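Student: give the three-dimensional model of this entry:
(one chain, ligands or ions: 2)
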Amino acid sequence: MKALIIVDVQYDFLPGGALAVKEGDKIIPVINSLQPKFDLVVATQDWHPADHGSFASNHPGKKVGDFIKLGGVDQILWPEHCVQESPGAEFHADLDNSYWAKVFRKGMDQNLDSYSGFYDNNRKQDTGLAAYLKGRGVDEVVVVGLAADYCVKFTVLDAIHEGFKTTLIKDATKAVNIQEGDFDKALYEMQQAGAQIILSDNF
Ligand code: VGL
Ligand code: ZN
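Tutor: Ligands and ions are numbered 1, 2, ... in the order given. Prediction:
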């Protein structure tokens, strides 16, 4: 059984959003055309409380891009984004959600960030995604969405860690690129960890 995991295609990560990924909207039609090809489709949703520790605004004297320790791990500080119930946390209206079996929310714990759709950043809390997929007989996952160098990358790495045969579709993701070259670095890390990287035409 093959599952598609759609990561964080939310307004705040799209052009015009609080933490916009350049050309992030270009992947939406690609993802929509892939969805019918899967046995199961799930989505993840970044879903932070307003006082979340990953927001620079919650750390007086700190600015976006600074590093702190959060939950015992290094944390880069972001602009406020994907606040629960805010318009920026919604999925883009053009993204077809008619195939989705379930949405997995993450990043609700004020004191810890959660890039991966599987675990938070110190791997202590579990979203239930791995057990959910395994319970439905899934042995292979394909990951798409935003952002390639953060939530997509960590979702891919955790999927491999959980024993799934894991593929990333390169033209169905885009990177934040805080530093130039972050996209290529993320692709390299995912490939080294055992992910297959392909283009949607070859799927
Ligand atoms: C993400 C930064 C902060 C992502 C989420 O979806 O890649 N990046 N929160
Ligand atoms: Zn976030």
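Student: tell me how far the residue in the chain positioned nearest to ligand 2 lies from ligand 1.
Tutor: In the chain, the residue that lies nearest ligand 2 is Asp46 (4.2 Å; Cβ to the ion). (C-beta placed from N, C-alpha, C; glycine too.) Using Cβ to the nearest ligand atom, to the nearest Å, Asp46 is found at 5 Å from ligand 1.
Student: so that residue touches Cys82, yeah?
Tutor: Yes - using Cβ atoms under 8 Å, Asp46 is in contact with Cys82, at 3.9 Å.
Student: joint contacts of these two?
Tutor: Residues touching both Asp46 and Cys82 (Cβ atoms under 8 Å, 6 or more residues apart in numbering): Asp8, Gln10, Asp12, Phe13, Ala89, Gly107.
Student: which of those has the most neighbours?
Tutor: When those are compared by neighbour count (other Cβ atoms under 10 Å), Asp8 ends up highest, at 30 neighbours.
Student: wait, what's in contact with that one?
Tutor: For Asp8, the contacting residues are Thr44, Gln45, Asp46, Cys82, Gly145, Leu146, Ala147, Cys151, Val152, by Cβ under 8 Å, 6+ apart.
Student: grab the nearest non-local neighbour of Thr155.
Tutor: Gly117 (4.5 Å; Cβ to Cβ, 6 or more residues apart in numbering).
Student: and the gap between the one you found and Ala159?
Tutor: Using Cβ to Cβ, to the nearest Å, Gly117 is found at 8 Å from Ala159.
Student: please identify every residue contacting each of these two.
Tutor: Common contacts of Gly117 and Ala159 (Cβ under 8 Å, 6+ apart): Ile5.
Student: strands of the protein, start to end?
Tutor: 2-7, 40-46, 67-70, 73-76, 100-106, 140-146, 165-174, 196-198 (DSSP state E).
Student: packing partners of the second one?
Tutor: In other words, strand 40-46. Under the contact criterion of 3 or more Cβ pairs under 8 Å, 6 or more residues apart in numbering; DSSP states H and E, strand 40-46 touches strand 2-7, strand 100-106, helix 129-135, helix 151-161.
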